[in-house]
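[1] Build me a model:
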Amino acid sequence: FKKQELTLLEDEIYLIDEFWKAIALTNECMVSEEKGDLKYIGTSPDDNELVKTACNQGYKLFSTSIDKKMVRICRDGEYSFEILHVLGFSSERRRMSIIFRDKKKIKIYCKGADLEIIKRLSPKVKQTKRFEILSTELDNFSKFGYRTLMVASKIIKESDYRTWIDKIRKGEKHQKNSRLMEKLYDLIECDFDLLGGTVLEDKLQNKVPDTISALKKADIKIWVLTGDKMDTVENIGISCNLLSYDEKIFKIKLSTQQVKNDDVSEEPSIEIQNFLSEFRAFLELSINNNNKNNINIYQIKNKKSENYEKSSMNLSDLNYEFLSDLKEKNLINDFSIIIESPLLNNLFRDDELTEKFLTVAQYASTVLCCRASPFQKSQVVQKIKKFNPKAITLAIGDGRNDISMLMEANIGVGIFGEEESKIGRASCRERV
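    Numbers count the residues shown, from 1 in each chain. Reported below is the predicted structural model:
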């Protein structure tokens, strides 16, 4: 090997070693031993599977405590890592970080949603071929319905850590101020190097597609509020009959450059306006294709006579009466909407734009909101109830992330699973 080739090989070995150590350490799993076999118990089934995979790769987490984690690395023996601080996972943060001492160095590993990790990578890393290849591969996997995460790390100077931990201790005295703590977390969760990514398959239960088809036939409007990314949501939506290749699917999403540069305006977004313009064009084409009886869409029936009178409505007026009349005459083709959560934030800041969006969305076969936080899930339910007070909202969830959504809906159904029993209790409440 040439010297340059050996250097590259050493770098790759280092990254692989760091990646599997990060998978073994960045989790909230407890370790138990049954008949000589290690068993991992955590709040997240995903974490359990990832830790098992690290174990199979020779990075075996075999002991945990509040301030220490023991990892047995097959080629190097046992290592004890002193845990200095854990920045826990939450649905708002969508990431987990662990700060620890590795020999004489202080390191931080961070594992989380692609979008959250990308905006915390160093600008230099975002220009590398490694970042480009990994981003492309994870996007490709998500198109097949797999859940993806990114893993990152950096070495922290001792002086920087001491300064940061002093601020954290002061901030912890004001625990109610979560925004302050998030700002302090951001001070340390930044300028990361990229270690790699993970891919997990989330299989559908039996008869899910049949159940969803039955609900849609009953004219129940289905909205899916999930933390998954858009490509994953679209693929799962098609596999379970929420979406169809025969219908128009509107995607309201951030551009690749916006994601890469973390550039999301707080103003009512141009993306929503673009969607409404695109929908108008779709509506006009839909009317032209379906208007076999030559119905004058610019006229409505006068309640007092059988004659038609001129209406002020036109294709630029996406109001309830106009769309309702078109729907009644079967002039609107089937369509669905997929929207990303940062754009939901922008949308809900503008009441007029929210009303226009919901006016259109109520005629969609399905609306899927991806990368949604627990607050956004409850906010969507709240906005729908405000928009249509007569609507009866039914929310179904199986995780802690869904509790606020269940509490906001008229009817909340909590499914007992592996993620504690809080979710079930949230739905067992009395409604007045």
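
[2] Please pull out the lowest mean pLDDT helix or strand from the protein.
    In the chain, no helix or strand scores lower on mean pLDDT, DSSP states H and E than strand 308-310, which sits at a mean of 37.

[3] Skipping adjacent residues, who's closest to residue 406 in space?
    residue 412 (3.2 Å; Cβ to Cβ, 6 or more residues apart in numbering). The C-beta positions use only the backbone N, C-alpha and C, and glycine is treated the same way.

[4] Nearest spatial neighbour of residue 215, chain-adjacent residues omitted?
    Residue 215 sits nearest to residue 222 (Cβ to Cβ, 6+ apart), 6.2 Å away.

[5] residues in contact with the one you found?
    212, 215, 216, 242, 365, 366, 367 (Cβ atoms under 8 Å, 6 or more residues apart in numbering).

[6] And residue 93, by the same measure?
    Residue 93 neighbours (Cβ under 8 Å, 6+ apart): 87, 112, 116, 182, 185.

[7] In three-state terms, label it for me.
    Counting by DSSP: H, G, I helix; E, B strand; the rest coil, the backbone at residue 93 sits in coil.

[8] Which strands and helices lie in contact with the helix or strand just after the least confident helix or strand of the chain?
    As assigned by DSSP states H and E, the chain's next helix or strand after strand 308-310 is helix 320-328. Other helices and strands packing on helix 320-328, by 3 or more Cβ pairs under 8 Å, 6 or more residues apart in numbering; DSSP states H and E, are helix 351-361.

[9] wait, doesn't residue 117 sit right on residue 152?
    Yes: judged on Cβ atoms under 8 Å, residue 117 makes contact with residue 152 at a distance of 5.3 Å.

[10] Identify the contacts common to those two.
    Joint contacts of residue 117 and residue 152 (Cβ under 8 Å, 6+ apart) are 110, 111, 192, 194.

[11] Bridging across strands, which residues link to the third one?
    What that stands for is residue 192. Beta bridges link residue 192 to residue 121, judged by DSSP bridges.

[12] That one contacts residue 122, correct?
    Yes: counting by Cβ under 8 Å, residue 192 touches residue 122, with 6.5 Å between them.

[13] More neighbours: which of those two?
    The residue with more neighbours, out of residue 192 and residue 122, is residue 192; 21 against 15, by other Cβ atoms under 10 Å.

[14] tell me the contacts of that one?
    Going by Cβ under 8 Å, 6+ apart, residue 192 touches 110, 117, 120, 121, 122, 125, 152, 153, 154.

[15] quick revisit: from the contacts of residue 222, which is closest to residue 205?
    residue 212 (11.5 Å; Cβ to Cβ).

[16] Quick one: residues contacting that closest one.
    222, 240, 241, 242.

[17] List just the nearest of the residues you listed to residue 70.
    Set against residue 70, the nearest of these by Cβ to Cβ is residue 240 (41.4 Å).

[18] Now do the contacts for residue 144.
    Contacts for residue 144 (Cβ under 8 Å, 6+ apart) come out as residue 235.

[19] In contact with residue 145, which residues are there?
    201, 202, 232, 235, 236, 239.

[20] Just the buried subset of the contacts of residue 192, please.
    Neighbour counting by 16 or more other Cβ atoms under 10 Å classes 110, 117, 120, 121, 125, 152, 153, 154 among the contacts of residue 192 as buried.
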